[in-house]
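K.L.:
here is a sequence with its predicted model. Questions after.
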Amino acid sequence: MGKLQSKFRKRSELYRASQGEKADNTFDSQVVQYEPAHQGSVNTVTNLSPDLCVSGGSDQAVVVYDWTQGRMCQSFQGHNREVTKVVCYPGSTWIFSASRDKTVLMWDLNQGDEPIQEFCGHELVVNGVAISPEGRKLCTGSRDNWMCLWDIESAKCEQRHNISRNLVTHVCWVPGSSSIVQTSEDKTIRVWDSRAWQVTNTFPAKQYIQTHCDVSSNGNYLVSSSNGFGGQGCEATLWDLRQPGCKVVEYRGHIQTTACCVFLPTPPGGTAQVATSSHDSSVKVWDQNTAVCLGTLSLDGAGPLIALAPTDSSSLLCASFNNGLHHIQVSQGSNQAQGSGAGSGGAGGLDIKVVARF
């Protein structure tokens with residue numbers, strides 16, 4: 001498994017931009033530059049409320065940021081290694097952060113700057129964390145092959161299951177369901193029943209490591225993303241969860257590892273869309289059903305684009321290795337690219353541009 005990980009691991013010497021690249025991207029006159037949320041790479045970002053996001057990075061901090069006003073609201077310090085994932089419970093001020101320090105910490109924006117709960121038990125980096133729909137259970141997954149189910153109130157591990165070679169890369173709880181989906185370095189997607197804590201379905205293995213997954217808001221579809229290089233692999237795949245293992249379409253166009261894939265909120269009467277971000281420093285938006293690429297944004301010098309968080313149907317946040325967080329706006333446009341920090345393309349004619357960086 002060491003060989004698999006060596007291909008997947010981000011390497012700073014490969015991705016750190018030259019000073020010239022940074023200058024070209026940073027001083028885009030159309031992009032507002034706010035106070036940086038992190039010192040170093042940003043690994044993960046999610047939404048806490050309509051105007052607040054939560055992010056984690058190599059600086060070991062968990063940051064709550066008002067991206068609409070460009071100001072930091074809170075920086076939680078508690079991990080002693082970099083933060084890998086953050087998730088929030090909808091409608092609350094709860095934040096959960098996973099880390100390379102093998103722990104998950106729980107924070108409450110309204111209860112000071114110390115963690116209110118700690119979940120310990122994994123032996124390696126925790127890459128997956130998800131909250132049950134009713135907010136009582138927490139699922140975690142790690143490179144140690146263990147999937148764990150915790151009671152949030154007591155921080156007690158209630159269920160554990162180890163599967164050989166199941167080096168977990170991401171975990172999602174299916175909305176309104178007892179099912180959990182996880183991706184793995186063994187190239188496999190597994191569906192778990194949280195009541196029996198058993199795997200109920202295993203999808204056909206892909207050719208490359210599965211890096212990330214997301215579930216549609218109606219719980220019907222799953223999108224997963226693939227590791228790769230030189231255009232080999234690098235795809236995202238849409239699956240029908242009502243027919244486990246049924247592949248619907250593939251989204252192909254990235255030339256390096258696709259690190260993140262998310263469903264975008266669909267406006268009334270609009271087209272269902274998927275967004276992906278890649279180590280090739282680009283974000284792509286796709287027609288969910290036809291797999292047509294509707295637009296591409298290239299962020300030269302930003303390095304790997306590691307995570308995405310949609311804020312609404314027309315904007316999303318993007319975490320990068322070199323240049324912090326980006327607020328990206330998606331709109332129907334003129335099909336004219338505006339250089340670094342803005343882009344368009346595909347049959348749908350979407351304009352995708354960065355409006356702020358922090």
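P.N.:
Received, thanks.
K.L.:
what is the end-to-end distance of stretch 75-83?
P.N.:
Stretch 75-83 stretches 13 Å from its first residue to its last (C-alpha to C-alpha, to the nearest Å).
K.L.:
repeat for stretch 264-275
P.N.:
With C-alpha to C-alpha as the measure, the first residue of stretch 264-275 is 7 Å from its last.
K.L.:
hang on, P267 packs against P310?
P.N.:
No. Applying C-beta atoms under 8 Å, one finds P267 not in contact with P310, separated by 11.8 Å. For the C-beta atoms, the positions are set from N, CA and C on the backbone; glycine is no exception.
K.L.:
those two: which is more packed in?
P.N.:
P310 (20 against 11; other C-beta atoms under 10 Å).
K.L.:
helix or strand right after whichever strand or helix holds L297?
P.N.:
Per DSSP states H and E: L297 is located in strand 293-298. Using DSSP H and E, the helix or strand that follows strand 293-298 in sequence is strand 305-312.
K.L.:
that following strand vs strand 293-298, what angle?
P.N.:
Between the axes of strand 305-312 and strand 293-298, defined by axes from the mean of the first three to the mean of the last three C-alpha atoms, to 10 degrees, the angle is 120 degrees.
K.L.:
packing partners of strand 305-312?
P.N.:
Secondary-structure packing of strand 305-312 (3 or more C-beta pairs under 8 Å, 6 or more residues apart in numbering; DSSP states H and E): strand 42-47, strand 258-264, strand 273-278, strand 282-287, strand 315-320.
K.L.:
one more time with 7 Å, if that's ok
P.N.:
strand 42-47, strand 258-264, strand 273-278, strand 315-320 (3 or more C-beta pairs under 7 Å, 6 or more residues apart in numbering; DSSP states H and E).
K.L.:
strand partners (parallel or antiparallel) of the second one?
P.N.:
Strands flanking strand 258-264 in the sheet, each with its direction: strand 273-278 (antiparallel) (DSSP bridges).
K.L.:
how distant is the partner strand from the center of its chain?
P.N.:
10 Å (C-alpha atoms, centre = their mean, to the nearest Å).
K.L.:
likewise stretch 203-220?
P.N.:
Using C-alpha atoms, centre = their mean, the offset of stretch 203-220 from its chain centre is 12 Å.
K.L.:
picking that back up, can I get the helices and strands packed on strand 305-312 in CSV with distance to R165?
P.N.:
What follows is these, written out as CSV (distance: least, C-beta to C-beta, whole Å):
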stretch, distance to R165
strand 42-47, 24
strand 258-264, 21
strand 273-278, 25
strand 315-320, 28
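K.L.:
what's the closest of the ones you listed to I131?
P.N.:
strand 42-47 (11.0 Å; C-beta to C-beta).
K.L.:
residues in contact with the closest one: which ones?
P.N.:
Strand 42-47 is contacted from outside by 53-58, 82-88, 306-307, 309, 311, 317, 319-320, 324-325, using C-beta atoms under 7 Å, 6 or more residues apart in numbering.
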